[in-house]
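Peer 1: here is the input, now give the coordinates:
(one chain, ligands or ions: 1)
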Amino acid sequence: MAKKNVPKNTQMKPADEECEKECSSCPTASTCASAKGGVAGLPPKADLDVKHVIIVLSGKGGVGKSTVSVNLAYALSNHGKKVGLLDLDMHGPNIPKMLGIEEHKLAMMDNKIEPVHVTGMLSVMSMAFLLPDTSTPVIWRGPMKMAAIQQFLSEVNWGPLDYLVVDLPPGTGDEALTIAQLAPNVRGAVIVTTPQDVATLDARKSAKFIEKLGLPVIGVIENMSGMLCPHCGVEIDLFGKGGGKKIAEELNIPFLGAIPIDIEMRKAGDEGRPFIIRRGDSPTWKSVDAVMESLIKVVEG
Ligand code: ADP
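Peer 2: Residues are numbered from 1 along each chain as shown. Here you go, the predicted model:
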């Protein structure tokens, strides 16, 4: 099979091709009379062989959404699931760094882009692989992002997947709308929040946004929920505890579990070795595993 490198920054279709489809990035396009062609001028659902697409969302940045996405995807793959991890945080694609694969070059095989195979059970695709270096900003309008997402779904050689975990940028932007419209079998969204009021307020907004997209909220994950002092083992409520559970109860959506602040978790992200591949004897490891089990229960019944 012919395998050739994909030159960086040249794979995406030109913006002008996509500008024709500006309507497709508008939240009201499906009901707007002036939307161009088809269903709001949208391309059809991507031809992707996946059982469950899971969107990971947060109301605000820095709550650990990408960390949770990486560990959840890895945990699912350790559990025997074939998993794809799609990093759609176009403006801050950190997942390759967290997996220690940021230097990876993409390759083409049989006219498809080969994702990065982290293990035999976990493949990753990220905007970061298309940028010339880690300090290059992505300055794209909605239609260009939509074209990129379409290619990430249709032109990447994912193979058959049990789960595609999609890490979205924080907030309620274009990327979530696009993935909801283009990906098949979207089971819903997981909302990551920290326990304090400012974060849970934004998490509520995310839940409402997902509802407006016509998708279910699979559940809420409370990250950075309390902290065990690494010296004396006493629990410190740095950001408080229970805020995520409270909003899940209020909104009548499942609570998938709480993950504490753990220095090892932060180190793992910085070192490019996901926390979940460490020995499973710490309370934090068990909490991540429990979140994964809850997710499977909600999604697969
Ligand atoms: P987001 O994707 O929401 O912007 P990140 O996943 O990039 O957030 O996490 C922000 C920072 O917090 C990273 O340095 C990450 O390692 C750290 N972090 C995330 N969750 C935890 C946790 N449970 N314990 C310790 N550090 C964490």
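
Peer 1: and residue 67, what is it in contact with?
Peer 2: By C-beta atoms under 8 Å, 6 or more residues apart in numbering, the residues touching residue 67 are 98, 223, 265, 269, 275. For glycine as for every other residue, the C-beta is placed from the backbone atoms N, C-alpha and C.

Peer 1: element containing it, please.
Peer 2: helix 65-78 (DSSP states H and E).

Peer 1: again, but for residue 44
Peer 2: Here residue 44 is assigned to no helix or strand, by DSSP H and E.

Peer 1: okay, now it: neighbour count?
Peer 2: The tally of other residues near residue 44 (other C-beta atoms under 10 Å) stands at 11.

Peer 1: residue 166 too?
Peer 2: Neighbour tally, residue 166, other C-beta under 10 Å: 29.

Peer 1: helix, strand or coil for it?
Peer 2: At residue 166, secondary structure determined by DSSP: H, G, I helix; E, B strand; the rest coil is strand.

Peer 1: so it sits against residue 57, correct?
Peer 2: No. Counting by C-beta atoms under 8 Å, residue 57 is not a contact partner of residue 166; they are 9.0 Å apart.

Peer 1: state the pLDDT value of residue 140.
Peer 2: pLDDT, residue 140: 75.

Peer 1: and it, helix, strand or coil?
Peer 2: coil.

Peer 1: got the CA coordinates for the helix or strand harbouring residue 146 in PDB?
Peer 2: Per DSSP H and E, residue 146 falls inside helix 142-154. C-alpha atoms of helix 142-154 as PDB (Å, rounded to 0.1, in the frame of the first residue of the first chain):
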ATOM      1  CA  GLY A 142     -17.000  28.900  10.500                       C
ATOM      2  CA  PRO A 143     -17.200  27.500   6.900                       C
ATOM      3  CA  MET A 144     -13.500  26.600   7.000                       C
ATOM      4  CA  LYS A 145     -13.900  24.800  10.300                       C
ATOM      5  CA  MET A 146     -16.900  23.000   8.900                       C
ATOM      6  CA  ALA A 147     -14.900  21.800   5.900                       C
ATOM      7  CA  ALA A 148     -12.100  20.500   8.200                       C
ATOM      8  CA  ILE A 149     -14.600  18.700  10.400                       C
ATOM      9  CA  GLN A 150     -16.200  17.100   7.400                       C
ATOM     10  CA  GLN A 151     -12.800  15.900   6.300                       C
ATOM     11  CA  PHE A 152     -11.900  14.600   9.700                       C
ATOM     12  CA  LEU A 153     -15.000  12.500   9.600                       C
ATOM     13  CA  SER A 154     -15.100  11.300   6.000                       C
END
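
Peer 1: helices or strands up against that helix?
Peer 2: Under the contact definition 3 or more C-beta pairs under 8 Å, 6 or more residues apart in numbering; DSSP states H and E, helix 142-154 sits against helix 15-19, helix 174-182.

Peer 1: ok, of those helices, where does mean pLDDT dip lowest?
Peer 2: helix 15-19 (a mean of 40).

Peer 1: that one: what's the following helix or strand?
Peer 2: From helix 15-19, the next helix or strand downstream (DSSP H and E) is strand 50-57.

Peer 1: near the ligand, which residues of the chain show up?
Peer 2: Within the chain, the positions adjacent to the ligand are 58, 61-67, 94, 223-224, 259, 261-262, 265-266, 269 by C-beta under 6 Å from any ligand atom.

Peer 1: how does it look with 8 Å?
Peer 2: Within the chain, the residues that sit near the ligand (C-beta under 8 Å from any ligand atom) are 58, 60-70, 89, 92, 94, 98, 167, 170, 192, 223-225, 227, 259-270, 284.

Peer 1: show me those residues that map onto helices.
Peer 2: 65-70, 98, 263-270, 284 (DSSP state H).

Peer 1: which of these lies closest to residue 123?
Peer 2: residue 70 (13.1 Å; C-beta to C-beta).
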